[in-house]
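> Dropping the sequence and predicted coords here.
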Amino acid sequence: MQFQQLLYFVAVAEARHFTRAAEEVHVSQPSLSQQIRSLETELGAELFSRARGNITLTDAGEALLPLARRILADADTARHEVQELAQLRRGRVRLGATPSVCTGLLPDVLRDFHDLHPGIQLLLEEGGSHDLVRELARGALDLALVVLPLPAASPALTTVELLQEDLVVVSSADGPRPGRGGTVRIADLQGEPLVMFRHGYDLRELTVAACRAEGFEPSFTVEGGEMDAVLGFVRAGLGVAVVPSMVATRAGHDLRTTPLARPGLRRTIALAHRSDVAPPRAARELQRVLLASRADAVPSGPPGA
């Protein structure tokens, strides 16, 4: 089984067309078809069903596709690792992060990293922790900033705790302050109109679970947004939202921040990478910068303080 054969196989599997796949990998269509046939002969199974010109994967093709993608991703990582010059004058890092971390933590950290290594290309993927774990597993990311604990069925990942962060309640600066006495209890959110994140968001799951633990179902005025949309809806007076304190700090003067009363809500952010593959050199340098940023992150103090 040759690397080039796997490359051609994945190209056809994604394009569902031999000619278009050949164009994408810059090879003639007959040569590509010959390599696919050789791969099928070696494996002893057809990988594509070619009935009436409609290209679909067989069961064998479906089984091979994720493995082939992972092999190609690992090879691509190895290529970039070898091509990096001394002193990190070039290279790339594929970093995944949740939207709230992108808004709160990453701007300063990535600025510091870019100042140190302006030749390193930063590729950022924004998504929920569950999605980022899957991307790490298939080799599409070098590092990811995720919320602990990880899903029960997560692949083998190495995680290093980066920081713990309090959650706070944000509301429109023009509206009434939620809660009383300068803090908000979870129970105070009963009947309070909430602007809620989309399904799969760690913040949504944490907030809803806290409300249910207090014996009530939260009431949503708007739901389904990403971080920027949620903050915008709160600014417009559509309701309040529970967000990380770092996000609230950067949200601007048109939002009011109120801490949650003890015991409050906290979340743990960790830096993760695959356990079976060491991150590339540039990713290891970004990891160093991220871990060093822990010393600069000012804890928000006890909830409700």
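Everything's here; your move.
> Helices of this structure, start to end?
Ranges of helices in the chain, per DSSP state H, are 3-15, 18-24, 29-43, 59-83, 99-104, 106-116, 129-137, 202-213, 227-235, 245-250, 281-292.
> just the ones you listed: most buried one?
Among the helices of the chain, helix 99-104 has the highest mean neighbour count (mean count of other CB atoms under 10 Å), at a mean of 24. For glycine as for every other residue, the C-beta is placed from the backbone atoms N, C-alpha and C.
> Take the helices of the chain and lay them out in a markdown table including mean pLDDT and distance to Gly181.
Shown next, in a markdown table, are the helices of the chain (pLDDT from 0 to 100; distance: least, CB to CB, whole Å):
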| stretch | mean pLDDT | distance to Gly181 |
| --- | --- | --- |
| helix 3-15 | 94 | 58 |
| helix 18-24 | 93 | 62 |
| helix 29-43 | 95 | 69 |
| helix 59-83 | 88 | 53 |
| helix 99-104 | 85 | 26 |
| helix 106-116 | 93 | 33 |
| helix 129-137 | 89 | 34 |
| helix 202-213 | 92 | 19 |
| helix 227-235 | 92 | 21 |
| helix 245-250 | 88 | 19 |
| helix 281-292 | 92 | 37 |
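> For Leu260, find the nearest of those helices.
Leu260 sits nearest to helix 202-213 of all these, at 8.9 Å, using CB to CB.
> got the contact list for that closest one?
By CB atoms under 8 Å, 6 or more residues apart in numbering, the list of residues contacting helix 202-213 from outside reads 98, 100, 128-129, 147, 167, 186, 189-190, 194, 196-198, 217-218, 242-244, 265, 267.
> let's see 6 Å
Contact partners of helix 202-213, identified using CB atoms under 6 Å, 6 or more residues apart in numbering, comprise Ser129, Val147, Ile186, Met196, Phe197, Pro218, Val242, Leu265.
> Quick check: nearest residue in space to the second one, chain neighbours excluded?
The shortest distance from Val147 to any non-neighbouring residue, by CB to CB, 6 or more residues apart in numbering, is to Asp202 (4.3 Å).
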